[in-house]
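# let's see this in three dimensions:
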Amino acid sequence: MDTLSGIAAFVKAVEAGSIAASARQLGITPASAGQAIARLEASLGTRLLTRSTRALALTEAGELYFQRVRDLQAQLEQARADVAAFSGEPRGRLRIAASVAFGRHLIAPLLPAFARAHPRIQLELTLADRSVDHVREEFDLSIRFRAQLEPGLIARRIATAPMLFCASPDYLARAGRPTRPEQLQQHDCLGFRLPVDGRLLPWAFITREGERIVPELKISCLANDIDALAALAIGGMGIARLGSFVAREPLRQGLLLPLFLAEDEAQAVAEPLEFFACWRERRQMPAPLRLFIDYLGEALREHPALEAPPTRCCAAPAPPAWPGSRPGRAQSLRWADGWPHPYRASA
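Okay, here's the model as predicted:
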């Protein structure tokens, strides 16, 4: 038993980069993890790790030993998961990371039903607009959009979110309604700054011919939170690019109006954003992870917050917002015949 606990602490320490991280993953104290590794080294008669206050490195013997036992540790963990699944009640911890807006509006509301169905699976949700490190930060699953995908992770697409360019009726009454992407240079645009590297998230369009274009923008305000951008747009500060799961309710209430719709004779429409469930490659997938990924795929397949631009939307009181419309009447938003429909994604 001492050997197995030492192997577990050793493998986790190498993978996570520190004995403290190994201890967190195993649910023990750093001192206990360090002692388990020391007993393992004593039983082998050689040092496996060199330790300092800043780094943890494998010795030559440690590198050889790690290559031999890393699969053994994974097999032991999988065996425990298989036995738990065999008993009819999956159990274990499942740590999930997602972007702030997607996690807040879509992932978090889905967790209670999953927890009720699997009460012995302990869930932890972390919301962060950055690419997390699955090993060092001990995440089992992360939800990412395409630009965040990384080598070494298995990715399964779970959702395609329509992106909508929106502005308030007040702003459109003052500034007019753009119908071509290049006209955005004459409008106040509300940009999203990626927290991880400070880059501005580009605004991509799909033309009638299916070409992808990214126009120049006149940025009047930046934020690193999508819900904050929605609030700025509702307040009349300018045009924002929002996911359907964020824009849906303000559109329904008439607080925001969608732009660049095919029926408005727009020359291009917003490119959608694909989201993926990502996990580390392993010999066998733990039952809690497999169950949750399958659950997400099914729950998001026809989620109302991921539908194409709504078929009914409150009209704006300002005449420029809806050409030819009468105040107080809801307008139908549909895709014109012959347009490439960017929100009909294959499975």
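
# contacts for stretch 102-115?
With C-beta atoms under 8 Å, 6 or more residues apart in numbering as the test, stretch 102-115 has contacts from 96, 98, 121, 123, 125, 127, 143, 159, 161, 227, 243, 245-246, 275, 291-292, 295-296, 299-300, 303, 305-306. No exception for glycine: its C-beta is placed from N, CA and C like everyone else's.

# how many neighbours does the closest residue to V100 other than its chain neighbours have?
Excluding its sequence neighbours, the residue lying closest to V100 (C-beta to C-beta, 6 or more residues apart in numbering) is L127, at 4.6 Å. Neighbour count of L127, defined by other C-beta atoms under 10 Å: 16.

# which parts of the stretch 201-347 of the chain are strands?
Listed in chain order, the strands of the stretch 201-347 of the chain (DSSP state E, counting those that start in this stretch) span 205-207, 212-213, 219-223, 239-243, 257-259, 268-270, 273-280, 312-313, 331-332.

# now the longest one: mean pLDDT?
In this model, strand 273-280 has a mean pLDDT of 92.

# likewise for the fifth one?
Over the span of strand 257-259, the pLDDT mean works out to 93.

# swap in the first one?
The average pLDDT within strand 205-207 is 90.

# what's the pLDDT at Q78?
pLDDT, Q78: 66.

# what's the answer for G243, then?
93.

# so it sits against I226, correct?
Yes: between G243 and I226 there is a contact at 6.8 Å, judged by C-beta atoms under 8 Å.

# now do the shared contacts for the two.
A101.

# any weak-confidence spans in the protein?
Residue ranges of the chain with pLDDT under 70: 1-2, 52-54, 73-74, 77-88, 262-266, 283, 309-347.

# any idea what T207 is bridged to?
For T207, the beta-bridge partners are A268 (DSSP bridges).

# neighbours around it, how many?
Neighbours of T207 (other C-beta under 10 Å): 15.

# show me the contacts for it.
T207 neighbours (C-beta under 8 Å, 6+ apart): I213, Q267, A268.

# looking at these, state which has the most neighbours.
Of these, with other C-beta under 10 Å as the count, A268 tops at 21 neighbours.

# do you know how far it is from L261?
11 Å (C-beta to C-beta, to the nearest Å).

# now do E274
Separation of E274 from L261 (C-beta to C-beta): 21 Å.

# between these two, which is the more surrounded one?
In this view E274 and L261 are compared by other C-beta under 10 Å, and L261 has more residues nearby, 21 against 17.

# hey, C-alpha coordinates of stretch 114-131 in PDB?
What follows is stretch 114-131 as a C-alpha-only set of coordinates in PDB (Å, rounded to 0.1, in the frame of the first residue of the first chain):
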ATOM      1  CA  PHE A 114     -26.900  16.400 -13.800                       C
ATOM      2  CA  ALA A 115     -26.200  16.500 -10.100                       C
ATOM      3  CA  ARG A 116     -29.600  15.200  -9.300                       C
ATOM      4  CA  ALA A 117     -29.100  12.300 -11.800                       C
ATOM      5  CA  HIS A 118     -25.600  11.500 -10.400                       C
ATOM      6  CA  PRO A 119     -25.500  12.600  -6.700                       C
ATOM      7  CA  ARG A 120     -22.200  10.900  -6.000                       C
ATOM      8  CA  ILE A 121     -20.300  12.900  -8.600                       C
ATOM      9  CA  GLN A 122     -18.700  16.000  -7.000                       C
ATOM     10  CA  LEU A 123     -18.900  18.900  -9.400                       C
ATOM     11  CA  GLU A 124     -16.700  22.000  -9.500                       C
ATOM     12  CA  LEU A 125     -17.100  24.800 -12.100                       C
ATOM     13  CA  THR A 126     -14.500  27.400 -12.700                       C
ATOM     14  CA  LEU A 127     -15.300  30.400 -15.000                       C
ATOM     15  CA  ALA A 128     -12.300  32.100 -16.600                       C
ATOM     16  CA  ASP A 129     -11.700  33.700 -20.000                       C
ATOM     17  CA  ARG A 130      -8.400  32.000 -20.600                       C
ATOM     18  CA  SER A 131      -7.000  28.600 -21.700                       C
END
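
# how about that stretch: buried residues?
F114, H118, I121, L127, D129, S131 (16 or more other C-beta atoms under 10 Å).

# looking at these, which is nearest Q253?
Using C-beta to C-beta, L127 is the member of the buried residues of stretch 114-131 that lies nearest Q253, at 24.8 Å.

# in contact with that closest one: list those residues for me.
Contacts of L127 by C-beta under 8 Å, 6+ apart are A97, A98, S99, V100, G103, R104.

# how many neighbours does D197 have?
8.

# and it, what helix or strand is that in?
Per DSSP states H and E: D197 is located in neither a helix nor a strand.

# distance check, R51 against A16.
According to C-beta to C-beta, R51 stands 14 Å off from A16.

# quick one, which of the two is more surrounded?
Higher neighbour count among R51 and A16: A16, with 20 against 14, using other C-beta under 10 Å.

# wait, what's in contact with L255?
Here L255 is in contact with S168, I234 (criterion: C-beta under 8 Å, 6+ apart).

# before I go, just wanted to say thanks for your time.
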